[in-house]
Each structure stands twice: as C-alpha cells, then as structure tokens.
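K.L.:
task: produce atomic coordinates for the following.
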Amino acid sequence: MTATLTIKSPNASDNVFKVLSFTFTKDVYTPFTRLTAVFEAHTAVPETADMAWFYVNGTFIHQGFIDTFRITEEGGFRRGVITSRGFTAQYLQNQLEPGLYPNLSLNDLMDGYMQLPYVTHEDSGTSSYIFVKNGSTQWDGIVNIAYKVYGKHPYIRGTNCVMVNRDSSAQTFAYAEASLLSRGSERDTRGLVYFWSMENMQGEYGDYTLTDSDAYDSYIRRCRYFELDRRFLYEPQRALEFRDKMAMRGWRRSFFTYRGYRGEDLFDRAQVGEVTRDITSVRINGGRNGIITEIGMYSDKFVEPQ
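P.N.:
Residues are numbered from 1 along each chain as shown. Okay, the predicted model is just below:
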C-alpha cells in the first residue's frame, strides 16, 4: 500500500506520517471529499495541527481541514486517527443573505461571497438570477445556478475544484472483467416522489404539476405540495422538474471493485467490456492487505447511461 498523510499546522513544519489504514470517499452529489486515516504517530503532532493532505499511489486526492484528531499510546506504540473533509464542505455551512440576486454567475457566487482557502472552480461567466430563502447555503446557490444555466448538478473534481461540465482532462479507464473483485448494482427509492404540485401567483394549486413515472413504476405514491418557487418565476415548470431531479439523485447505481487505485476521478469514464459509463463515486479502502477501490456509476435524471 502506498499512501501518504501530511498533517499541517499554521506555525510548524509539515509532518508526514506512515498510513496504517484509511477510507476515502467522494461522490458527485456530496460537495466535499471525506477521509478517515489511521497512522503511525512516530513524531509528536503539534496541537495546532488543523489540515490534512493525502496521497494514494502518488495521486493527490484530498486536501481539507481536520474534523477530529485522536492520539493513543499503547506498549510504546503511538497511533493517530483523523477524520477530515475537503475545504469545499464549508459551502454547506456558509449562509447567503436572503433576497434576489440578479445577473449572478458561478464565478460571482464563488469569488464574491466568502472565498474559501484552497478552493478553485470552473470558469463560468454565464449569468442567471437566484432567489435565496432564509437559511439557504452558498452550496444551495451554486446548485441553483448550475441547474438554471446548464441544467446540471455541480460536483467536486480533484481535491477542491467545483465543476459543472466535464473537465477537459477527463480520462477513460478500461478494466478487464477478469481483474474485477466484484460487480453489483443497487437501488434506493426512499427519496422518490410520485406527484409534485406548486402554487401559482394567486396561491392556488393545479396549474403546475408533475408526475414521475419511475416512482409510479416502483409503487411509490408520495405527493408533495410547495409554495411558488421564486427562483423559477419565468419558467415555473422547471421548479417541479428541479425538485424531481434532486429527489431522484443516485437512486440507481452500478459498481465494481478492483485491487489498487489508478487515479480515477468524478466524470472520468469507466469502460468494462463494451459498456462505458461516467464515474460518479469513488471509494478507496487501504490497509495491511493493500488497496481496494470501488467505482460507482449512477443512473438518474442528472446522470443518464451512455
């Protein structure tokens, strides 16, 4: 296993540690990478340590703040455990001032409202407007703009790069079926909604509705009624379509595992036999028996099978 953890603190030199085991995850619908690492604490770790850099097989896959940090010593052996999230997790914690934001682009939203350390983003100058309700986060705004301008859901590529479209550096990884440890699929209908209805300008229901055939075919009969969504005043039907797509995120997924890690990232492509799909989740587990990577591929209303 080749995994390297660097722990950083503001007023001390970087400390590099031998990793004993780890779990790393990233997902197209989660706006941050997540790391849990157990390491050999061969040197003293500064109490001010607050950031983690993580590499697997030479690929830089995680850069974030430390959520929890624990050191234990037993029989003369010091062991550390950290949990860490990528810096983009703070988009979920920053709230925007409520109100109407006209002529807003993704560049405006990420550069003009609480810039985050070590975070980059796709260059997007195309603008639209959003209406921010009380308690909405900066990530809510990013999701709304991405959908209104591109009809897509944003995701994190690399360590902390916010993307909407496919990156020009995206690769296709080919896997021999004989090299796979396992293959599978799963379905989760807990978020599906069959019937949506939004009120009109007069506060009445019936003008704007949507039914979902996938929910119906799965014997789901959930109904949702909501107030007029002022984010879509000029395209009210898109308010229902947006909610329906959000409710169905990741409801179907296929996956496979293999030994090792080749540097896959979100919206690279995975080719197994004659089938090529977008990679929408990556989970890497490492330990004394080496590294095993799980590659996931969603099929929903944001990510359609090729």
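K.L.:
what about residue 36, neighbour count?
P.N.:
16 (other CB atoms under 10 Å). C-betas here are computed from N, CA, C, even on glycine.
K.L.:
surely it touches residue 83?
P.N.:
Yes: contact criterion CB atoms under 8 Å: residue 36 and residue 83 qualify, at 5.0 Å.
K.L.:
and the helices in the stretch 101-250 of the chain?
P.N.:
Remark: helices assigned in the stretch 101-250 of the chain by DSSP state H, counting those that start in this stretch are 106-111, 138-150, 213-217, 236-247.
K.L.:
between these, which gets the lowest average pLDDT?
P.N.:
Set side by side, these give their lowest mean pLDDT on helix 106-111, at a mean of 89.
K.L.:
which parts of that one are buried?
P.N.:
106-110 (16 or more other CB atoms under 10 Å).
K.L.:
so what does it touch, helix or strand wise?
P.N.:
Secondary-structure packing of helix 106-111 (3 or more CB pairs under 8 Å, 6 or more residues apart in numbering; DSSP states H and E): strand 120-121, helix 138-150.
K.L.:
list the contacts of it.
P.N.:
119, 121-125, 127, 138, 141-142, 145-146, 149, 154, 162, 164 (CB atoms under 8 Å, 6 or more residues apart in numbering).
K.L.:
can you show me the CA trace of it as PDB?
P.N.:
Only the C-alpha atoms of helix 106-111 are listed here, as PDB (Å, rounded to 0.1, in the frame of the first residue of the first chain):
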ATOM      1  CA  LEU A 106     -20.900  30.800 -10.700                       C
ATOM      2  CA  ASN A 107     -17.800  33.000 -10.800                       C
ATOM      3  CA  ASP A 108     -19.600  35.700  -8.900                       C
ATOM      4  CA  LEU A 109     -21.100  33.300  -6.300                       C
ATOM      5  CA  MET A 110     -17.700  31.600  -5.600                       C
ATOM      6  CA  ASP A 111     -15.400  34.600  -5.800                       C
END
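K.L.:
how far out from the middle of the chain is it?
P.N.:
Taking the mean of its C-alpha atoms, helix 106-111 sits 18 Å from the chain's own mean (CA atoms, centre = their mean, to the nearest Å).
K.L.:
can you put the helices of the stretch 101-250 of the chain in a markdown table and add distance to residue 87?
P.N.:
Formatted as a markdown table, the helices of the stretch 101-250 of the chain follow (distance: least, CB to CB, whole Å):
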| stretch | distance to residue 87 |
| --- | --- |
| helix 106-111 | 12 |
| helix 138-150 | 13 |
| helix 213-217 | 35 |
| helix 236-247 | 24 |
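K.L.:
among those, show me which one is buried the most.
P.N.:
helix 138-150 (a mean of 21; mean count of other CB atoms under 10 Å).
K.L.:
neighbouring contacts of it?
P.N.:
31, 91-92, 94-96, 101, 104-106, 109-110, 113-114, 124, 126-130, 132, 152-154, 162, 164-165, 231-232, 238, 242, 245.
K.L.:
equivalent analysis for stretch 164-177, please.
P.N.:
106, 122, 124, 146, 149-150, 152-155, 157, 256, 258, 262, 264-265, 267-273, 276, 279.
K.L.:
let's go with 10 Å and repeat that
P.N.:
Contact with stretch 164-177 is made by 106, 121-122, 124, 142-143, 145-147, 149-155, 157-158, 161, 163, 183, 256, 258, 262-273, 276, 278-279, 295, as judged by CB atoms under 10 Å, 6 or more residues apart in numbering.
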